[in-house]
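[1] Please find the sequence and the predicted model below.
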Amino acid sequence: MSADARERLRPLCRIDDIPDGGARGFGPAPGGFTGLFAVRQGGVVRAYVNACPHLGVPLDWVPGRFLSTDGTRILCATHGAEFRIADGHCLRGPCLGDRLEAVMIEIREGVVLVPEDAGL
Ligand code: FES
């Protein structure tokens, strides 16, 4: 991440606010329409824009529910697409081969930071 981008980060949450092995959704940034969600696996957090590459709709069918029951895949509620947690690549479903839009994150002193304009 460039020094310029680093200055324009906003706090998303504390890492402990995301359940280990789970996910959490976040509403849009001020003035935006699309939110984000973050998946945590131990000390690793990955964040994506909450929009399915198929139709652009939010993935969670129940607010905050993004993962398969075994916690190994990200799911889209609308048509059941499955995505790899590590890189958002679609493994199954109508957007096969496409991927979720990843959001850069930085963790500083336990706080997850994302670019100011992420998820607008
Ligand atoms: S909108 Fe996500 S699979 Fe169709």
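    All right, it came through fine.

[2] tell me which parts of the chain are close to the ligand?
    Residues of the chain lying near the ligand by C-beta under 6 Å from any ligand atom: 52, 54-55, 57, 76, 78-79, 81, 93-95. For glycine as for every other residue, the C-beta is placed from the backbone atoms N, C-alpha and C.

[3] May I see those organised as JSON lines, with pLDDT, secondary structure and neighbour count added?
    Shown next, in JSON lines, are the residues of the chain next to the ligand (pLDDT from 0 to 100; DSSP: H, G, I helix; E, B strand; the rest coil; neighbours: other C-beta atoms under 10 Å):
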{"residue": "52", "pLDDT": "97", "secondary structure": "coil", "neighbour count": "24"}
{"residue": "54", "pLDDT": "97", "secondary structure": "coil", "neighbour count": "17"}
{"residue": "55", "pLDDT": "96", "secondary structure": "coil", "neighbour count": "12"}
{"residue": "57", "pLDDT": "93", "secondary structure": "coil", "neighbour count": "13"}
{"residue": "76", "pLDDT": "97", "secondary structure": "coil", "neighbour count": "25"}
{"residue": "78", "pLDDT": "95", "secondary structure": "coil", "neighbour count": "15"}
{"residue": "79", "pLDDT": "96", "secondary structure": "coil", "neighbour count": "12"}
{"residue": "81", "pLDDT": "98", "secondary structure": "coil", "neighbour count": "24"}
{"residue": "93", "pLDDT": "97", "secondary structure": "coil", "neighbour count": "18"}
{"residue": "94", "pLDDT": "97", "secondary structure": "coil", "neighbour count": "15"}
{"residue": "95", "pLDDT": "97", "secondary structure": "coil", "neighbour count": "18"}
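
[4] now these as a markdown table including distance to residue 107?
    Converted to a markdown table, those look like this (distance: C-beta to C-beta, whole Å):
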| residue | distance to residue 107 |
| --- | --- |
| 52 | 26 |
| 54 | 30 |
| 55 | 31 |
| 57 | 29 |
| 76 | 26 |
| 78 | 31 |
| 79 | 33 |
| 81 | 28 |
| 93 | 30 |
| 94 | 33 |
| 95 | 29 |
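
[5] Could you check how far the residue nearest to residue 39 when sequence neighbours are not counted is from residue 62?
    Of all residues not flanking residue 39 in the chain, residue 23 sits nearest, at 4.5 Å (C-beta to C-beta, 6 or more residues apart in numbering). Separation of residue 23 from residue 62 (C-beta to C-beta, to the nearest Å): 12 Å.
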